[in-house]
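**Q** Show me the folded form of this:
(one chain, ligands or ions: 1)
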Amino acid sequence: MNLIDQKFLELKEQNKTALIPFLTMGDPDVETSVEIIKELQAAGADIIELGVPYSDPLADGPVIQRASLRALQHNINIHSCLEIASKARQEEVSLPFILFTYYNPVLQFGLESFFEKLRENEISGVIIPDLPIEEDEQVRQLSERYGIHLVPLVAPTSNDRITKISKKAAGFVYCVSSLGVTGVRSSFYDGIDDFISLVKQSTDLPVAVGFGISTNEQFNTFSKICDGVVVGSAIVRKIEEQLPLLQSQDTKAKGLLQIREFVAQLKE
Ligand SMILES: O=P(O)(O)OC[C@@H](O)[C@@H](O)c1c[nH]c2ccccc12
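**A** Numbers count the residues shown, from 1 in each chain. Down below sits the predicted model:
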């Protein structure tokens, strides 16, 4: 069974909601990303979105854009992200991984070898935000052949495409809570409850929500209506704040602890 399916089943039995952190791989470097992933597991994360930095992250706000720039200074690419995933596994991280990447790096890598490598490195899912369902047939066939869940995004403006997207979904359906780009928010799309219930009616798969979520209160609010909550920018911002501590061996542990404590309180 795919690790994502297994995780959602476990959480459903415990009547719990998945905490799904996103972080930009290689920010600030490969070794630190592996250490942060270990902290996320210790903090109670359930599934991790491993973000592949990209030069033109059109759906990302300033926090993730800055993280991508920092990572790209170290020439982080899909190969490095696979290396990070593999090293995290060697360090006893057993959580399901989802590779989050824009489509261009996948095309550069080669579609078939991309999925071969995902399977080799025990990555259970992939999210490609700029691959519309109308153009994803070849990617979908490969994802099914290699047993990697191609997790779709639905937005409040998806309307009549929600059913079409949900029918082809695998793993879970990712509801984007707001229009615009990623980034911490204090309010969300007006009518978000109706939007999420519409998505839940369109699929038997788990439904997760993301975009803008940064506090324990917001996590608890969404956990009443969703099976998973994605938190990206707030965690990437916490990493950014800790960079001075993370970059020195003497203070690295303190910086990692700050990240772990921030993530742990989201789900308390
Ligand atoms: O950063 P936020 O506002 O917490 O949203 C999650 C987001 O980071 C992550 O899922 C993601 C990162 N880049 C994206 C681009 C499109 C959709 C989603 C994403």
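**Q** need the contact list for whatever residue of the chain ends up closest to the ligand.
**A** Nearest residue of the chain to the ligand (CB to the nearest ligand atom) works out as residue 232 at 2.0 Å. Heads up, the C-betas are built off the backbone N, CA and C, glycines and all. Going by CB atoms under 8 Å, 6 or more residues apart in numbering, residue 232 touches 21-23, 49, 51, 64, 182, 210.
**Q** By neighbour count, which of these wins?
**A** Greatest neighbour count in the contacts of residue 232, by other CB atoms under 10 Å, goes to residue 51: 29 neighbours.
**Q** coming back round to it: which of the contacts of residue 232 come close to the ligand?
**A** 22, 49, 51, 64, 182, 210 (CB under 6 Å from any ligand atom).
**Q** so can I have TSV of the residues you listed showing pLDDT?
**A** Shown next, in TSV, are these (pLDDT from 0 to 100):
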residue	pLDDT
22	98
49	98
51	98
64	98
182	95
210	98
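**Q** I'd like the list of these that fall within helices, please.
**A** Judged by DSSP state H, the subset of these located in helices is residue 64.
**Q** and which of the ones next to the ligand among the contacts of residue 232 is nearest to residue 162?
**A** Proximity of those to residue 162 (CB to CB) peaks at residue 210, which lies at 16.1 Å.
**Q** Make sure the closest one is actually in contact with residue 231.
**A** Yes - assessed by CB atoms under 8 Å, residue 210 is found in contact with residue 231 at 7.4 Å.
**Q** So what's the residue count around residue 110?
**A** Here the number of neighbours of residue 110 (other CB under 10 Å) works out to 11.
**Q** Likewise for residue 90?
**A** When neighbours are counted by other CB under 10 Å, residue 90 registers 8.
**Q** same question, residue 132
**A** Using other CB under 10 Å, residue 132 has 12 other residues around it.
**Q** Name the nearest residue to the most centrally placed residue in the chain, ignoring sequence neighbours.
**A** In the chain, the C-alpha nearest the mean C-alpha coordinate belongs to residue 49, at 2.7 Å (CA atoms, centre = their mean). Sequence neighbours aside, residue 22 is the residue nearest to residue 49 in space, at 3.9 Å (criterion: CB to CB, 6 or more residues apart in numbering).
**Q** if you count residues, which strand in the protein comes out on top?
**A** If each strand of the chain is counted by residues according to DSSP state E, the longest one is strand 18-24.
**Q** Make JSON lines out of the ones next to the ligand among the contacts of residue 232 and add distance to residue 71.
**A** Listed next are those as JSON lines, based on distance: CB to CB, whole Å:
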{"residue": "22", "distance to residue 71": "13"}
{"residue": "49", "distance to residue 71": "14"}
{"residue": "51", "distance to residue 71": "9"}
{"residue": "64", "distance to residue 71": "10"}
{"residue": "182", "distance to residue 71": "15"}
{"residue": "210", "distance to residue 71": "20"}
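**Q** circling back: any shared contact partners between residue 210 and residue 231?
**A** 20, 22.
**Q** Near the ligand, which residues of this structure are found?
**A** 22, 49, 51, 59-60, 64, 100, 129, 153, 182-183, 210-213, 230-234.
**Q** Return the subset of those lying in strands.
**A** 22, 49, 51, 100, 153, 210, 230-231.
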